[in-house]
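Trainee: Provided below are the primary sequence and the corresponding predicted coordinates.
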Amino acid sequence: MEKSACPNCNKKIGGILFSNSLLTIAANNFINIFTENPGSGYCTDCGTNLFNACVTKLASQKADVLNAAIRIVDVIPIVTAQSPLKWDYSVIEMVSSQSVTGTGLLSEISSSWTDMLGGQSDALSNKLGNGETICRKQLRIKAAMLGGNCILATDIDYAEVGGVKGMLMVCMSGTAANLHNIEDVLELDKEKLSILQASIAELKRLNTIAIPQMV
């Protein structure tokens, strides 16, 4: 009796002498999303490398879109006011972000000497500043993913975590909102905001693509 064959490479499927098997329908569909010439089916022999390449491609596309969004996400305003004057907005939900950074031995020694001399530690100040920058970007991305274009009532806190390890933590939280009259109350780059929204929409689309079981 003739064994069935792979629709893509025509290699034999199943049987004692053939360990080759067809990929699942979900795996076939997943491959076809990223393939210029979609196939009706793939086997483990010809489809495994294709499947793994598609997994890598999906991760790469997500990273590229996210990085593009991060580069222009500063267009989303962050304010400490709970209800800014003349802002017509709809509240979405709370968003938060955290950044933890090690102080490092040299930074701790430098900070100790600075404390003794009554000065300011540039090393630790820079680490806190970097932590704040990371938190702001995280906060803005989260708000954008929720459909927001601004963040209200923003609060920032600092803490030391990790005991003797000396880890600095920066925490930031706020309320993601959709500002309806943003062009009336703020001066912003409309084109940049439009590009950001398109990038977020694409990232959401990519996030809906699940990686299925291959066999």
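Mentor: Yep, it's here.
Trainee: mind checking what helix or strand follows the lowest-mean-pLDDT helix or strand in the chain in sequence?
Mentor: The weakest-scoring helix or strand in the chain, judged by mean pLDDT, DSSP states H and E, is helix 105-117 (a mean of 46). Note on helix 105-117: by DSSP states H and E, the next helix or strand toward the C-terminus is helix 122-145.
Trainee: what residues sit buried inside that next one?
Mentor: By neighbour count on 16 or more other C-beta atoms under 10 Å, the buried set for helix 122-145 is 123-124, 127-128, 131-132, 134-144. C-beta coordinates here come from the backbone N, C-alpha and C atoms, glycine included.
Trainee: apart from its chain neighbours, what residue comes closest to residue 102?
Mentor: Residue nearest to residue 102 in three dimensions, not counting chain neighbours: residue 167, with 5.6 Å by C-beta to C-beta, 6 or more residues apart in numbering.
Trainee: which stretches of this structure have low pLDDT?
Mentor: Residues of the chain meeting the criterion pLDDT under 70: 1-3, 15-18, 103-122, 162-166.
Trainee: where's the most centrally placed residue in the chain, which helix or strand?
Mentor: By C-alpha atoms, centre = their mean, the chain has its centre lying nearest to residue 66, at 5.6 Å. Per DSSP H and E, residue 66 falls inside helix 44-72.
Trainee: angle of that helix against helix 122-145?
Mentor: Put simply, helix 44-72 runs at 110 degrees to helix 122-145, going by axes from the mean of the first three to the mean of the last three C-alpha atoms, to 10 degrees.
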